[in-house]
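1. Structure of the sequence below:
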Amino acid sequence: MTFSPIPAQPPLPAAQDVPTRIAFMAAPTEAARHEFDRLARQYGNVHPGEAEVIVCLGGDGFMLETLRVVLEENLNVPVYGMNCGSVGFLMNPMLEEDLPQRLATTQAAQLHPLRMKATQVSGDVFEALALNDVFLFRQTRQAAKLRVDVDGMVRMPELICDGALVATPAGSTAYNLSAHGPIVPLAGNMLPLTPICPFRPRRWRGALLPSTAHVGFTILEHEKRPVAAVADSIEIRDVVSVHVHEDRSLAVTVLFDPGQTLSERITAEQFSA
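-> Numbers count the residues shown, from 1 in each chain. As a prediction, this is how the structure comes out:
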């Protein structure tokens, strides 16, 4: 998804004027396209760069794609998600009535992305942004061997595992939680570093790092044990090193219905069965 560089509007604060310029973006699913047609007819549809707010129709995956586009295109526009997918952790209910009024009463959460720099065996270097997590995983039947350093200091000379990940607080309830990593409050200024199926050290459960930390992974025996790196939906295969840090110079604003803020959802997740 690409857009022409149209000057962006400032973010929409909570409880402000009812927006009149809404940009709808829909996932390539039948349900999302159906809602796109209905909402665009009812409320109109403008280019994202001209919008006061972007309404994302889809699931969490498409929401992350939309947020990455907002970051990469430098669109200073808040994003409101409406769930046409399954889990919808980052989304709001799919309710069509009085949408502009709902948008005027939303509460905002500001998210900073992780920046991944991955170097392949060929020497090619790729950078990508992630609002959920950056993770490494083995490409073959053999376990990966990783060296882990934090701020230039080797903290684990050898980690034998299926992979490892660094998550944002917003992403700490996703893959990180499934890998038995800790849930991090949105205002915690922490990044969880979590192993995926560790074999040695068998009982290492990971670490909580300050949000200023620079995490480096070096792939050991990369010819025998190839590894891929993923930043949200961007996958780079056959990497030899990966560096991850939170990019505080970038931010995107996500809107939620009153009482359903991202901070509240992250807190509630810690008490769910």
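2. What segments of the chain are helices?
-> For the chain, the helices defined by DSSP state H occupy 30-43, 60-72, 99-104, 175-178, 262-269.
3. Return the most buried member of those helices.
-> When you average the neighbours per residue for each of the helices of the chain (mean count of other C-beta atoms under 10 Å), helix 60-72 leads with a mean of 21. All C-beta spots, glycine's among them, are computed from the backbone N, C-alpha and C.
4. Residues in contact with it: which ones?
-> Contact with helix 60-72 is made by 1-3, 25, 27, 32, 48, 54, 56, 58, 75, 77, 79, 81, 85, 87-91, 111, 113, 129, 131-132, 174, 232-233, 250, 252, 254, as judged by C-beta atoms under 8 Å, 6 or more residues apart in numbering.
5. among the helices of the chain, which gets the worst mean confidence?
-> Lowest mean pLDDT of the helices of the chain: helix 262-269, a mean of 86.
6. Over to stretch 17-32 now: how far is its first residue from its last?
-> From its first residue to its last, stretch 17-32 covers 27 Å (C-alpha to C-alpha, to the nearest Å).
7. Pull the distance from it to the chain's centre.
-> 20 Å (C-alpha atoms, centre = their mean, to the nearest Å).
8. what does stretch 131-138 give?
-> Its chain's C-alpha centre and that of stretch 131-138 lie 10 Å apart, by C-alpha atoms, centre = their mean.
9. before we move on, what about stretch 257-265?
-> Offset of stretch 257-265 from its chain centre (C-alpha atoms, centre = their mean): 17 Å.
10. Stretch 131-140 now?
-> 13 Å.
11. ok, and the closest non-adjacent residue to Q110?
-> Residue nearest to Q110 in three dimensions, not counting chain neighbours: A251, with 5.1 Å by C-beta to C-beta, 6 or more residues apart in numbering.
12. looking at it, that neighbour is touching L129, isn't it?
-> No - contact between A251 and L129 fails when scored by C-beta atoms under 8 Å: they sit 11.4 Å apart.
13. Nearest residue to the middle of this structure?
-> What sits nearest the mean C-alpha location of the chain, by C-alpha atoms, centre = their mean, is L131, with 2.3 Å.
14. from what I can see that one touches T168, true?
-> Yes - between L131 and T168 there is a contact under C-beta under 8 Å: 6.2 Å.
15. List the residues that are in contact with both of those two.
-> With C-beta under 8 Å, 6+ apart, L131 and T168 have common neighbours 111, 113-114.
16. among those residues, which are in strands?
-> 111, 114 (DSSP state E).
17. got TSV for the shared contacts of L131 and T168, with distance to D98 and neighbour count too?
-> As requested, these are exported to TSV (distance: C-beta to C-beta, whole Å; neighbours: other C-beta atoms under 10 Å):
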residue	distance to D98	neighbour count
L111	26	21
P113	32	28
L114	36	23
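18. Export the shared contacts of L131 and T168 as CSV, with columns for distance to R202 and pLDDT.
-> Converted to CSV, the shared contacts of L131 and T168 look like this (distance: C-beta to C-beta, whole Å; pLDDT from 0 to 100):
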residue, distance to R202, pLDDT
L111, 34, 94
P113, 32, 96
L114, 27, 97
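19. Export the shared contacts of L131 and T168 to a markdown table and append columns for distance to E158.
-> Converted to a markdown table, the shared contacts of L131 and T168 look like this (distance: C-beta to C-beta, whole Å):
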| residue | distance to E158 |
| --- | --- |
| L111 | 33 |
| P113 | 29 |
| L114 | 24 |
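20. Tell me who's in contact with the spatially closest residue to L262 that is not a sequence neighbour.
-> Spatial nearest neighbour of L262, excluding adjacent residues (C-beta to C-beta, 6+ apart): A109 at 4.2 Å. By C-beta under 8 Å, 6+ apart, the residues touching A109 are 170, 186, 253-256, 261-263.
21. Pick the one among those closest to V242.
-> Nearest to V242 among these, counting by C-beta to C-beta, is A170 at 20.5 Å.
22. Bridged to the closest residue to that closest one other than its chain neighbours, which residues?
-> Nearest non-adjacent residue to A170, counting by C-beta to C-beta, 6+ apart: L111, 5.5 Å away. Under DSSP bridges, the beta-bridge partners of L111 are V252.
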